[in-house]
Structure formats: C-alpha cells, structure tokens
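> here is my input, please return the structure:
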Amino acid sequence: MEAIEERKMTKPNPIRILRGLLQSGEDPLTQAQLSKLLDIPVDSIRNFENSRRALTEVYLRKIRAIIGAQWDPSRALWHLAYSPEIPFTAELYRAFTTRHLDHWRRRLIEIHMLVRMLIELFIQVEREDYHRLFYRVFHFLDDLRQELRISGARRIFEKTRFTIDGGHSSQSGELAFISRNFLHLTDEELVSMSGKGKQRQGDWLNLSFLIPQLEDTSAEETSDA
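Got it, this is the predicted structure:
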C-alpha cells in the first residue's frame, strides 16, 4: 500500500502543475482561484490534486477551451493548445484571455459560431422536444448572466420576457392557439425594424445592427489595456 501511495505522489499531477504555472508573482493560485478560472468545482480540483480522481478528457477539453492549455502526458507538461512546441506559461494565459479579444472580428466570429450552433439545434430538434429545448436555453442564459454577474445585460434580458397567451375561435369557441407572447417585439434594442405603420416588422435573425456595439466594446478594452 505504501508503495502504491508513493507512486501516486511521485506521478506528475497535471492540475498541481497548472496551478503552479498560473502563479501571480511568487504565489501560486489557490485551489479556489483555479476552480473559478477553469469553471470546475473546487472539490474536483482537490480530488485531482490528491489523485483521488483522474483528469478525464471532458475536463481536459474544458481547460483547453477556457485558457488555451493542453496537457501532454508523455512529456508531463502543459503546452499551448494545438502547438506542442510552445510550453504553456502564465504570459500565454494572459494573452489568450485578454489580447484574444482585442479585435472585434474575433468576437464576432465566435458569437456567430455559437448562434449558428443554437439555430441548428432548433432546426433539428424533434417537435415534441422543442419546448424543452427552448426552456433549457432560455433559463440557462439567464442563470449564466446572474452567475457571472453580467449586470450590464440585465436590461436586454428583461426585455425578452414573455407571457403565455391563448386564443379561441370566434365561431366554435374552441382553443385556436396557445403561444409565447414576447412583450417587446418592436424594441430596436432587440431587433432591427423596417417599414412604416402596419407594414413595420422585425428583421428577425439579422443581428448585424449589433456589430457597432462589438466594435465599441473592443475599442474600449484596447484603450484600457
């Protein structure tokens, strides 16, 4: 048993190594800080470091996507994702999480890819699962906004609230429809509008009117840096 425990302790520990790489000054990140950074529960971080749990491919993919680091078990080191010749460092981490977004086009491409994935889900989902998909996405986004404390998004999120409305046939009196009724369908913070009077309508799924905001955000972040 002692020999087994000793082998566990001497085997390179990916999470402990990563925590040391991401140190600030002379002090390594705490387990709690690394947990927040990687979006991995702190108990899991402790278990990884104590070799109670193996760092599975699911977590390795998550780390690669969030901070741009990839583990090489054969060399027992972290390197820049998809670039095994470049060892991962705290400087690379800072560059990935800050300079990566200096140009608004990078953010635009990433947002586009997420929106495209979301649209495909709604295209391909079975009819009986549509409402479950809508509910999960709608509430996941709001939960995420609150968890990450993105207070600036609150106004837009509040404008996406809806009620459930139903209508009856004037002839038969039977229920003719039931649907979500979004309360701000003509709000130009949500959708670009075209036409006048009764012909005025939303240009749905055209989000190009938001591009100037992305440009402004990137410009502000670059000047702050």
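> show me what Gly167 bridges to in the sheet.
Beta bridges link Gly167 to Phe177, judged by DSSP bridges.
> number of nearby residues for it?
Neighbour count of Gly167, defined by other CB atoms under 10 Å: 10. For every residue, glycine as well, the C-beta is placed using N, CA and C.
> dump the residue contacts of it.
Applying CB atoms under 8 Å, 6 or more residues apart in numbering to Gly167 gives the contacts 175-178.
> farthest pair within these?
Ala176 and Ile178 (8.7 Å; CB to CB).
> returning to what we had before: would you reformat the contacts of Gly167 as TSV and include neighbour count and distance to Glu85?
Shown next, in TSV, are those (neighbours: other CB atoms under 10 Å; distance: CB to CB, whole Å):
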residue	neighbour count	distance to Glu85
Leu175	10	65
Ala176	12	65
Phe177	9	60
Ile178	9	59
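> of those residues, which is the nearest to Leu114?
Of the contacts of Gly167, the one sitting nearest to Leu114 (CB to CB) turns out to be Ile178, at 29.9 Å.
> wait, isn't that closest one in contact with Asp165?
Yes. Look at Ile178 against Asp165 with CB atoms under 8 Å: they come within range, at 7.1 Å.
> for this protein, which helix is longest?
helix 104-124 (DSSP state H).
> and the residue lying farthest from the centre of the chain, what does it touch?
Distance from the C-alpha centroid of the chain, by CA atoms, centre = their mean, peaks at Gln171 (48.7 Å). Gln171 makes no contacts at all, as judged by CB under 8 Å, 6+ apart.
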